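*Asks:* structure of the sequence below:
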Amino acid sequence: MLRHAAVAGTWYPGDPRVLARDLDRYLASARPPAGVPDDLIAIIVPHAGLMYSGPVAAFAYAALEQRAFDVAVLVGPSHYMAFDGVAVWPDGSFETPLGPIAIDASGASRLLEVSTVFRALPSAHLREHSLEMQLPFLKRLAPDLPIVPLVMGEQARDTVTEVGDAVAAAFAGRRVLLVASTDLSHFFDGATADRLDEHTAALVERFDVEGLTAAFEQYPDHERGRFVMCGGGAALAVMRAARQLGADEAHVLKRAHSGEISGDFDRVVGYLSAAFGRSVRGVH
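*Replies:* Residues are numbered from 1 along each chain as shown. Next up, the predicted model:
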């Protein structure tokens, strides 16, 4: 079962040569990766159009060049389809201009067994860009790494908790990279966005899952993406799972907003990349 690329040629280049050139340029600006834990377990990355979010995402993805993983679990919000629980694409592959990325069918199956919050629902993935925007970096840096794609239909506290616990249980013992796809505040002026996003980034840097949950929940459901994170549930679930898999440190690697690229500071979208893991320096 092949999931065709939905935003290639619009949100990022559809020509593989142009796409590779752009990815390499963003990665070159982010090297060497600084602040990434020795034992990398999870990252938070944005999902806007590549020209806007790529320079920020590269700060997290650059770390993949020095590490090996068995599987990447991608968690993002649903922008186009409302549904209960979390949609899993169970097998096959996802198309990219750089070649297909295989689904880790055993990992997807394991999640479906571990918790009823997950269900095989390919239709929720067909138009969704939150995970697709991660694929070019993954294919460029880890071309043989399989993925388990998860789209959250709703981001309530109970769902976030269940997703985090289930992902940690299902992938314990494997070299897993958890990827949370989210942008920060939406459509404020640059100064307001900086203030809101600085608070969110500080909670991420402190690895404060409860604090970030409280910040997310202080707004009505329809305003959480505007003031905090559109993929706040994905970020919280990944942070929770990373903690259970042994992560004990968090680092914000880069933060920016769309106005820094477009020149329009009246209505911006915020972006952040972060890494979670544990330090093994000096451990023998």
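*Asks:* please state the offset of stretch 270-283 from the chain centre?
*Replies:* 14 Å (CA atoms, centre = their mean, to the nearest Å).
*Asks:* the biggest strand by length in the chain - contacts with which helices or strands?
*Replies:* As assigned by DSSP state E, the longest strand anywhere in the chain is strand 268-278. Counting contacts by 3 or more CB pairs under 8 Å, 6 or more residues apart in numbering; DSSP states H and E, strand 268-278 packs against strand 39-45, helix 50-61, strand 186-188, helix 190-205, helix 232-244, strand 249-257. C-beta: built from backbone N, CA, C; applies to glycine.
*Asks:* mind checking how far that strand is from the chain centre?
*Replies:* Centroid displacement of strand 268-278 relative to its chain, using CA atoms, centre = their mean, is 9 Å.
*Asks:* just stretch 89-98 next, same as before
*Replies:* That offset, for stretch 89-98, works out to 17 Å (CA atoms, centre = their mean).
*Asks:* could I get the buried residue list for it?
*Replies:* Using 16 or more other CB atoms under 10 Å as the test for burial, stretch 89-98 gives 89-90, 93-98.
*Asks:* again with stretch 209-225
*Replies:* Across stretch 209-225, burial judged by 16+ other CB under 10 Å covers 209, 212-213, 215-216, 224-225.
*Asks:* want to throw those into JSON lines with secondary structure, pLDDT and distance to Leu135?
*Replies:* JSON lines is the format used below for the buried residues of stretch 209-225 (DSSP: H, G, I helix; E, B strand; the rest coil; pLDDT from 0 to 100; distance: CB to CB, whole Å):
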{"residue": "Val209", "secondary structure": "helix", "pLDDT": "97", "distance to Leu135": "27"}
{"residue": "Leu212", "secondary structure": "helix", "pLDDT": "98", "distance to Leu135": "26"}
{"residue": "Thr213", "secondary structure": "helix", "pLDDT": "97", "distance to Leu135": "28"}
{"residue": "Ala215", "secondary structure": "helix", "pLDDT": "97", "distance to Leu135": "29"}
{"residue": "Phe216", "secondary structure": "helix", "pLDDT": "96", "distance to Leu135": "26"}
{"residue": "Arg224", "secondary structure": "helix", "pLDDT": "96", "distance to Leu135": "26"}
{"residue": "Gly225", "secondary structure": "helix", "pLDDT": "95", "distance to Leu135": "22"}
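*Asks:* if we can go back for a sec, so which of the helices and strands packed on strand 268-278 is nearest Pro77?
*Replies:* helix 232-244 (5.9 Å; CB to CB).
*Asks:* CA atoms only: put that closest one into PDB for me.
*Replies:* Taking Å, rounded to 0.1, in the frame of the first residue of the first chain, the C-alpha atoms of helix 232-244 are listed here in PDB:
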ATOM      1  CA  GLY A 232       1.000  20.100  21.100                       C
ATOM      2  CA  GLY A 233      -0.500  16.700  21.700                       C
ATOM      3  CA  ALA A 234       2.200  15.100  19.500                       C
ATOM      4  CA  ALA A 235       5.000  16.900  21.300                       C
ATOM      5  CA  LEU A 236       3.600  16.000  24.700                       C
ATOM      6  CA  ALA A 237       3.200  12.300  23.800                       C
ATOM      7  CA  VAL A 238       6.700  12.100  22.300                       C
ATOM      8  CA  MET A 239       8.200  13.800  25.400                       C
ATOM      9  CA  ARG A 240       6.300  11.400  27.700                       C
ATOM     10  CA  ALA A 241       7.500   8.300  25.700                       C
ATOM     11  CA  ALA A 242      11.000   9.600  25.500                       C
ATOM     12  CA  ARG A 243      11.100  10.000  29.300                       C
ATOM     13  CA  GLN A 244      10.000   6.400  29.700                       C
END
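*Asks:* what does it contact?
*Replies:* By CB atoms under 8 Å, 6 or more residues apart in numbering, the residues outside helix 232-244 that reach it are 41-42, 44, 75-77, 130, 152, 154-156, 159-161, 163-165, 167-168, 171, 178-182, 204, 207, 209, 212-213, 216, 224-225, 229, 250, 276-277.
*Asks:* of those residues, keep whichever come out buried.
*Replies:* 41-42, 44, 75-77, 130, 152, 154-155, 159-161, 163-165, 167-168, 171, 178-182, 204, 207, 209, 212-213, 216, 224-225, 229, 250, 276-277.
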